[in-house]
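Enquirer: here's a sequence, model it:
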Amino acid sequence: ETAYCTEPVGCKTTPVECDDDDECTEDTCDPDIGCVFTYIDFDDGDECTIDHCDPLTGVWTEPLLCLSKDKCTYADCDSELGCIGESVKCDDNDECTCDNCEPETGCVHKPIDCDDNDACTDDDCNSETGCTHTKFECVAEDSCHIAYCDVSEGCIYEKIVCDDDSLCTDDTCDDEEGCIYTPISCDDYNACTDDCCHPNSGCVHKDIDCEPEDYCTSAHCDEDVGCVTEPIQCDDTDKCYTSTCDPDIGCVYADVDCDDNNACTEDTCDCDIGCINEEIECPYKSCHISDCDPVSGCSWKPMVCDDDDPCTEDWCSNDDCVFDPLNCDDNDKCTTDDCDIQNGCSYYEVDCDDNDKCTVDSCHPCEGCIHSPLECDDDNECTEDTCDKYDGCSNIPISCVDDDKCTDDWCCPSTGCHNELINCNDEDACTDDYCVAVKGCVHEIVECDDYNVCTSDYCESTQGCIHVDNSPCLCDDNNDCTHDYCNPVVGCINEWRICDDGSRCKTSDPKSCK
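Expert: The predicted model follows:
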C-alpha cells in the first residue's frame, strides 16, 4: 500500500499496483518487502516439445525434432524420455551369413566361414541350421595296412608291424588275411627232456623227472628210450629184523619178537645171535620188601612205622623208622599254632589291636597284623583334617581371610578358599570407582572441565560429563551489524559486518547491508 495525508481526513492508504506487464511472471505483493514478481513454470511435462514463454504473448510450444545419428538406428520420441534411438534389425534369417550393420551403408550380410580346420571332415553350410561338419572314413588298401585320419593332414596309410612279442612264433603278413603267427618247433630229439617254448625266452628243454612205478623199484632216464625202472634190493643181514618190500611204502623191516612171556626175564636181541632172555634182579627200594611174579613182575611192600602219636610224623629212612615232631604251621600269620596229643594240631586267632585310634587294625594270612593309617579326610576343603592316637580324627575349619578389603573371602567345601574381587561400581557416572586393599572401595568425583570457555560443564549421575554449548546465548550482543561466535580458548568474539559494497554496516539500518 502507499500512504498519503489530506488535511480534512489525515493519513490514507491505497493498494500498490504490482503488474509488471510480463506474461511470464506471477505478480504478488508482500507486506514486508512490497511487490514480488515470480517466474511461472511453463514446462508442459512432455519431453517431445520445446517450451517457451514470451513476455508479451505468454507460453507457447514447438515439437522436438529427433534425427537418426546413422543408418543403423532410427529416431523416435517418447513423451517421458524424449528422443530415443533404436537399432535397425539386420537378421536375414539365413544361418549361412553373418549379419551386421555399418553406420554409413546400413545392413551387411557376409557369408560365414564353415572351415573347422579339421582335414577329417567335409565342411558345408545349410541356410536353416548353419555350418555342418561330416566325418569321412579312411579305408586301407589291404589287410597289411591300417588307415586313419589326422586333423591336420587328412588320411594316413601305414604298414602293419606283425610282431606278437613272442619268440615262439614266426610272424608274417598276408594281403588278404593280415598278420599270421606260425608256431615254431622246439623238439631237440632227446627222450630225457621236456621241450616247450616261452614267449619271452624262446625254446626251453627241461630235464624230465623219472618216477619209479612204486616204492619197490628205482628209475633212471635213457636219451633214446626215456625212463627205465628196475627192482630194488632190501637188506636182510640183521638177525633182529625180517625184511619185505611193499609197493606202497618200499622196504619194510619188522622186529623179531623175543618176548618169552615171563615178567621176570629181560628180553633182548643181538644182531648176530638173535633173541636173548636173561633173569632180572628186582631193583632195591629203601624201606620196601621186593618180590617177582612171572606174570606181574617185580613188586614192593612198604615197611610199617606208626607210633600212635598224632603229634609226630611217622616215616622210614634207610630201612629204619623215624618219628619227627608234626609241623602244625598252617602258613597263616593270623593264627597261633599248637599240637595236642589227644586232638592233634590246633589254631588260635591272634590279637592285632595296637591301642592307636589313628590306625585300622587287621590281619593278613601272609603278612600278619597290619595297622593301616585311618583316613580322616572328610572331603571338605574348608577343614584341616588331623588325627590323635587317643581321640581319633578331628576336622577343624580353616580361615580364608586374606586381609584384603577388595576381596570377598569365603570357602566352598568342594573347592576350598575363594577370594573374589568385590564390585565397587556405585552406578554413578560422575565418580571414578576403584578399590584399595587397606581401605576398600573408593569413589572419586570425575573432572568434567573440557577447558572450552564456550561450554557449560556439569555431570549427570546417569550419563556422566555433559558439555552444553552456550555460545549462541552467551555471545549475542543484540547488534545486527556484528557476526557473533565463540572461540574455545578466548571466548566470545563479535566481528563487525562489512557489506557487499565494502561499506561498514550501520547499526541504525542493519537491513540495508546486503
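Enquirer: geometric centre of the chain: which residue is closest?
Expert: Nearest residue to the geometric centre of the chain (Cα atoms, centre = their mean): T415, 37.0 Å.
Enquirer: so what's that one up against?
Expert: Neighbour list for T415: E381 [criterion: Cβ atoms under 8 Å, 6 or more residues apart in numbering]. Any C-beta I mention is one placed from the backbone N, CA and C, and that applies to glycine too.
Enquirer: distance-wise, check it relative to C369.
Expert: 39 Å (Cβ to Cβ, to the nearest Å).
Enquirer: repeat that for N425.
Expert: N425 is 65 Å from C369, by Cβ to Cβ.
Enquirer: the two - which one has more neighbours?
Expert: Between N425 and C369, counted using other Cβ atoms under 10 Å, C369 has the larger neighbour count: 15 against 10.
Enquirer: any idea how far that one is from G106?
Expert: Applying Cβ to Cβ, the value for C369 to G106 is 125 Å.
Enquirer: helix or strand with the lowest mean pLDDT in the protein?
Expert: Least confident helix or strand of the chain, by mean pLDDT, DSSP states H and E, is strand 2-6 with a mean of 57.
Enquirer: so K69 touches G85, yeah?
Expert: Yes - using Cβ atoms under 8 Å, K69 is in contact with G85, at 6.5 Å.
Enquirer: poorly predicted segments of this protein, please.
Expert: Along the chain, segments meeting pLDDT under 70 span 1-13, 508-514.
Enquirer: how about V151: what's its closest non-neighbour residue?
Expert: D118 (4.8 Å; Cβ to Cβ, 6 or more residues apart in numbering).
Enquirer: what helix or strand is D403 on?
Expert: Using DSSP states H and E, D403 sits within no helix or strand.
Enquirer: and it, how many neighbours?
Expert: Neighbours around D403, by other Cβ under 10 Å: 8.
Enquirer: which residues touch it?
Expert: Shown in contact with D403 (Cβ under 8 Å, 6+ apart): A437.
Enquirer: same question for D70.
Expert: For D70, the contacting residues are P103, E104, by Cβ under 8 Å, 6+ apart.
Enquirer: check the one 4 residues further on too.
Expert: If you count contacts by Cβ under 8 Å, 6+ apart, Y74 has them with S68, G85, E86, V88.
Enquirer: where do the strands sit along the stretch 1-150 of the chain?
Expert: Secondary structure of the stretch 1-150 of the chain by DSSP state E, counting those that start in this stretch: the strands cover 2-6, 10-14, 25-30, 34-39, 49-54, 58-63, 73-78, 82-87, 97-102, 106-111, 121-126, 130-135, 145-150.
Enquirer: so which elements touch the fifth one?
Expert: Helices and strands touching strand 49-54, as assessed by 3 or more Cβ pairs under 8 Å, 6 or more residues apart in numbering; DSSP states H and E, comprise strand 58-63.
Enquirer: and the strand it packs on, how far out from the chain's middle?
Expert: 77 Å (Cα atoms, centre = their mean, to the nearest Å).
Enquirer: and it, C-alpha only, in CSV?
Expert: Extracted in CSV, the C-alpha atoms of strand 58-63 (Å, rounded to 0.1, in the frame of the first residue of the first chain):
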residue,chain,number,x,y,z
GLY,A,58,2.9,-15.8,-22.9
VAL,A,59,3.6,-19.5,-23.1
TRP,A,60,4.0,-21.4,-26.5
THR,A,61,5.4,-24.8,-27.6
GLU,A,62,7.0,-26.3,-30.6
PRO,A,63,7.6,-30.1,-31.5
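Enquirer: which helices and strands sit right next to that strand?
Expert: Short answer (3+ Cβ pairs under 8 Å, 6+ apart): strand 58-63 packs on strand 49-54.
Enquirer: contacts for the strand it packs on next, please.
Expert: By Cβ under 8 Å, 6+ apart, strand 49-54 touches E23, C24, I40, F42, D43, D44, V59, W60, T61, E62, P63, L64.
Enquirer: narrow the residues you listed to just the buried residues.
Expert: By neighbour count, with 16 or more other Cβ atoms under 10 Å, these hold C24 as buried.
Enquirer: reformat the contacts of strand 49-54 as JSON lines; add distance to P365.
Expert: Output for the contacts of strand 49-54, formatted as JSON lines (distance: Cβ to Cβ, whole Å):
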{"residue": "E23", "distance to P365": "135"}
{"residue": "C24", "distance to P365": "131"}
{"residue": "I40", "distance to P365": "127"}
{"residue": "F42", "distance to P365": "126"}
{"residue": "D43", "distance to P365": "121"}
{"residue": "D44", "distance to P365": "124"}
{"residue": "V59", "distance to P365": "130"}
{"residue": "W60", "distance to P365": "133"}
{"residue": "T61", "distance to P365": "129"}
{"residue": "E62", "distance to P365": "131"}
{"residue": "P63", "distance to P365": "129"}
{"residue": "L64", "distance to P365": "124"}
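Enquirer: how long is stretch 388-402 end to end?
Expert: With Cα to Cα, to the nearest Å as the measure, the ends of stretch 388-402 fall 29 Å from one another.
Enquirer: over to stretch 105-120?
Expert: So stretch 105-120: terminal residues 40 Å apart, Cα to Cα.
Enquirer: and it, how far out from the chain middle?
Expert: The answer for stretch 105-120 is 55 Å, by Cα atoms, centre = their mean.
Enquirer: what does stretch 262-280 give?
Expert: 86 Å.
Enquirer: buried set for it?
Expert: For stretch 262-280, the neighbour count (16+ other Cβ under 10 Å) marks C264, T265, C269 as buried.
Enquirer: could I get the contacting residues of the closest residue to the second one other than its chain neighbours?
Expert: Yep, that's T265 we're talking about. Counting by Cβ to Cβ, 6+ apart, T265 lies nearest to N277, which is 4.7 Å off, once chain neighbours are set aside. The contact partners of N277, by Cβ under 8 Å, 6+ apart, come to C258, D260, N262, T265, E266, D267.
Enquirer: ok, now Y157?
Expert: Per Cβ under 8 Å, 6+ apart, neighbours of Y157: C138, A140, E141, H145, I146, A147.
Enquirer: let's see that with 6 Å instead.
Expert: Shown in contact with Y157 (Cβ atoms under 6 Å, 6 or more residues apart in numbering): H145, A147.
Enquirer: helix or strand: which one has it?
Expert: Per DSSP H and E: strand 154-159 holds Y157.
Enquirer: what comes up buried for the very next helix or strand once past that strand?
Expert: With elements assigned by DSSP H and E, the helix or strand that comes after strand 154-159 is strand 169-174. For strand 169-174, burial by neighbour count (16+ other Cβ under 10 Å) applies to T169, C173.
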